[in-house]
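In: Need the 3D shape of this:
(2 chains)
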Amino acid sequence: MNVFDIVGPVMIGPSSSHTAGAVRIGYVAGLLLGKPAVKAEIHLHGSFAKTYKGHGTDKALIAGILGMQPDDERIRTSPQLAAKTGLAVTIIPVFIKDAHPNTARILLTGKDGEQIEVQGSSIGGGNIVINQINGLEVEFTGQSDTLIVLHRDTSGVIAAVSHYLGELGINISNFRLSRSEKGGIAIMTIEVDGKVETLMNEHISGMPNILRSIALRLH
Amino acid sequence: MELHYDTIEQLLETARQEGCRLSHLVLQQQAIEMECSPESIFERMEYQYDVMTTAVQKGIQPGVRSNSGLTGGDAHRLTKQIDEQKHLCGTFFTGALARAMAVAEINAAMGCIVAAPTAGSCGILPAAVITMQEEKNLSKKDCIMSLFTASAVGMVIAKNACLSGAQGGCQAECGSAGAMAAAAVVELAGGTPDMIGHAVAIAIKNTLGLVCDPVAGLVEIPCIKRNASGVSNAFVAAELALSGIESAIPADEVIAAMKNIGDSIPASLKETGEGGLAATPTGQRIFRQIFGTDPLQT
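Out: Numbering: from 1, shown residues only, chains lettered A, B, ... in the order given. Next up is the predicted model:
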């Protein structure tokens, strides 16, 4: 905890959990798609589903998908901006079993039909946890730099990635693996001390059996 | 020099020993903690202060309307009252009320604010400090520095109680903001470390038990007006402390009491929008008006 956790963050109101946190969830979803989205299907659960209109949670999520940060003055007008940039948005209140009260599940479609589904929860003070990517359980907060690596579930992939990070002198602070089925698609979430550079990410993306690597810097 | 945020007494004792302003100690310690220069941390705080100032300026203009359409324009009403010389309490005090509501209304209107410590209580600290700057002709630098003192108080409260309405009720948000603002004001007025401690204690004592019961769960009713009462509480506490009036209960014990009270407040009165003002017939009517459903069935 430091002074800027108390006098901060600088954010667009009205609510750190329902607005600032929502922007971040949308931002991660947009980043994970990796290119401009043309369609966003946003499922809202719990308090998000009940109060999104008043808190502007819908606007916040859309703003995040468009790449805005929680202090962007354009959040208020994000639905219009989405329409202008050709992003079609649907908001659907749902019930997600065992989910945190402030949870959104976002299905994004890019212009070539590529899709990603991201589920995240806003856990207070603008902080978030991403719990699912494409239905696979993950858990990261974006508080530290994170690599999200989608890969084929086969031997040696994790070793290759961690060996590469080790060679660069990067310490892994948290590692989590999730897979759909043996030999299917798996996701590594790797939180690190220090910074994740774009070049590292490109290098990992080029390794055998890696489908995609995404660098996340939220803070 | 070591500075710890475990208790208010520890903070004040270090300030007494070092013989300098608490804000100065906090800035130095935070620079070490965050591994950057004191200058860069000061600059970042200056940015927070500039955001606060802009929010005040925007919020007192006519035409501010919240995202839900429920609130807005009240800071402008107060400002108009001052402009027309109809205000009761003097420009210092009524101006502070207007500034607090201005920032809170900008928050509800999806404008840019600084959570201090939360979005719901974001008007109290800016209103207190900016009012001191404008009415007492203080330097911007001193005002920015006072935010470090306010932050230190907030960190102690966060450690020993909490800062969110969902956990501790409104006392944790507007109460804490009032205590932080009172500490900043005492420092700006040249008060001693002991006076800061008494101001913090008095400010929190005055809001103990305050519940978080927002209508329709939105950060508007009664939050915006509680920012006005929050800054008035900060000045009450600071004025008393600066006069040499002491709190019989020390600040750290008051913070512990706030924690105990927060734990005893039922969930319906902790930001769930179920009890208190939210449960009144008018509160429920407003819920239906905004969300189009019956609050009891949701």
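In: Can you give the distance from whichever helix or strand residue B:187 is part of to the centre of its chain?
Out: Here residue B:187, judged by DSSP states H and E, is contained in helix B:176-188. With Cα atoms, centre = their mean, to the nearest Å as the basis, helix B:176-188 stands 8 Å off its chain's centre.
In: same deal with stretch B:18-38?
Out: That offset, for stretch B:18-38, works out to 22 Å (Cα atoms, centre = their mean).
In: average pLDDT for that stretch?
Out: Confidence for stretch B:18-38, expressed as mean pLDDT, is 95.
In: List the buried residues of it.
Out: Neighbour counts using 16 or more other Cβ atoms under 10 Å in any protein chain shown place B:21, B:22, B:23, B:24, B:25, B:26, B:27, B:28, B:29, B:30, B:31 of stretch B:18-38 among the buried residues. Where you see a C-beta, it was placed from the backbone N, CA and C, and this is true even at glycine.
In: Any chance of CSV for the residues you listed, columns distance to residue A:8 and secondary structure?
Out: Shown next, in CSV, are the buried residues of stretch B:18-38 (distance: Cβ to Cβ, whole Å; DSSP: H, G, I helix; E, B strand; the rest coil):
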residue, distance to residue A:8, secondary structure
B:21, 21, coil
B:22, 19, helix
B:23, 16, helix
B:24, 20, helix
B:25, 20, helix
B:26, 14, helix
B:27, 15, helix
B:28, 19, helix
B:29, 17, helix
B:30, 12, helix
B:31, 16, helix
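In: that's a helix at residue B:201, yeah?
Out: Yes. Counting by DSSP: H, G, I helix; E, B strand; the rest coil, residue B:201 falls inside a helix.
In: What does the pLDDT read for it?
Out: 98.
In: For whatever residue of chain A ends up closest to chain B, which non-adjacent residue is spatially closest?
Out: Nearest to chain B, among the residues of chain A, is residue A:13, at 3.2 Å (Cβ to the nearest Cβ). Leaving aside its chain neighbours, residue A:13 sits nearest to residue B:107 (3.2 Å; criterion: Cβ to Cβ, 6 or more residues apart in numbering or on different chains).
In: Can you check my assumption that the one you found lies in a helix?
Out: Yes. Under three-state DSSP, residue B:107 falls within a helix.
In: Give the burial count for it, as a bare number.
Out: 34 (other Cβ atoms under 10 Å in any protein chain shown).
In: pLDDT score assigned to it?
Out: Residue B:107 is given a pLDDT of 97.
In: ok, now the one 5 residues further on?
Out: Note for residue B:112: predicted pLDDT of 97.
In: On the strand side of things, show who it bridges to.
Out: Following DSSP bridges, residue B:112 is listed with bridge partners residue A:12.
In: pretty sure it is touching residue A:12, no?
Out: Yes. Applying Cβ atoms under 8 Å as the test, residue B:112 and residue A:12 come out as touching, 5.6 Å apart.
In: The two: which has the busier surroundings?
Out: residue A:12 (28 against 20).
In: which residue sits closest to residue A:3, ignoring its sequence neighbours?
Out: residue B:151 (3.7 Å).
In: Could you identify the helix or strand that succeeds the strand or helix carrying that neighbour?
Out: Using DSSP H and E, residue B:151 sits in helix B:140-160. Sequence-wise, the next helix or strand downstream of helix B:140-160 (DSSP H and E) is helix B:165-168.
In: next SSE after that next one?
Out: Following helix B:165-168 in sequence, per DSSP H and E, is helix B:170.
In: Please see if that following helix touches chain A.
Out: No. Using Cβ under 8 Å from any Cβ of the partner chain, helix B:170 never reaches chain A; the gap is at least 14.3 Å.
In: contacting residues around that helix?
Out: Helix B:170 is contacted from outside by B:120, B:207, B:210, B:211, B:212, B:213, B:223, B:226, using Cβ atoms under 8 Å, 6 or more residues apart in numbering or on different chains.
In: one more time with 6 Å, if that's ok
Out: B:210, B:211, B:212 (Cβ atoms under 6 Å, 6 or more residues apart in numbering or on different chains).
In: which ones are touching the last one?
Out: Think residue B:212. Applying Cβ under 6 Å, 6+ apart, the residues contacting residue B:212 are B:165, B:169, B:170, B:270, B:271.
In: before we move on, the earlier item: and chain A, which of the buried residues of stretch B:18-38 reach it?
Out: residue B:30 (Cβ under 6 Å from any Cβ of the partner chain).
In: for the buried residues of stretch B:18-38, which one is nearest residue B:258?
Out: Lowest distance from residue B:258 to the buried residues of stretch B:18-38 (Cβ to Cβ) belongs to residue B:22, with 20.8 Å.
In: close enough to count as contact, that closest one and residue B:149?
Out: Yes. Between residue B:22 and residue B:149 there is a contact under Cβ atoms under 6 Å: 4.7 Å.
In: what kind of secondary structure is the nearest residue to residue B:92 once chain neighbours are set aside in?
Out: Nearest non-adjacent residue to residue B:92, counting by Cβ to Cβ, 6+ apart: residue B:135, 4.7 Å away. Here residue B:135 is recorded as helix under three-state DSSP.
In: Enumerate the residues of the stretch 151-298 of chain B near chain A.
Out: With Cβ under 6 Å from any Cβ as the criterion, the stretch 151-298 of chain B comes near chain A at residues B:151, B:154, B:155, B:216, B:217, B:218, B:219, B:290, B:298.
In: Recalculate using a threshold of 7 Å.
Out: Residues of the stretch 151-298 of chain B lying close to chain A (Cβ under 7 Å from any Cβ of the partner chain) are B:151, B:154, B:155, B:158, B:164, B:216, B:217, B:218, B:219, B:290, B:291, B:298.
In: How confident is the prediction for the fourth one, by pLDDT?
Out: At residue B:158, the pLDDT value in this model is 95.
In: cool, and residue A:34?
Out: Residue A:34 is given a pLDDT of 87.
In: Quick one: neighbours of it, just the number.
Out: 13.
In: which helices and strands sit right next to the worst-scoring helix or strand of chain B on mean pLDDT?
Out: Using mean pLDDT, DSSP states H and E, the weakest-scoring helix or strand in chain B turns out to be helix B:165-168, at a mean of 90. Applying 3 or more Cβ pairs under 7 Å, 6 or more residues apart in numbering or on different chains; DSSP states H and E, we find helix B:165-168 packed against helix B:251-264.
In: got a list of what the residue nearest in space to the middle of chain A touches?
Out: When Cα atoms, centre = their mean is applied to chain A, the residue found nearest the centroid is residue A:28 (2.5 Å). Residue A:28 is in contact with A:118, A:120, A:130, A:142, A:216, counting by Cβ atoms under 7 Å, 6 or more residues apart in numbering or on different chains.
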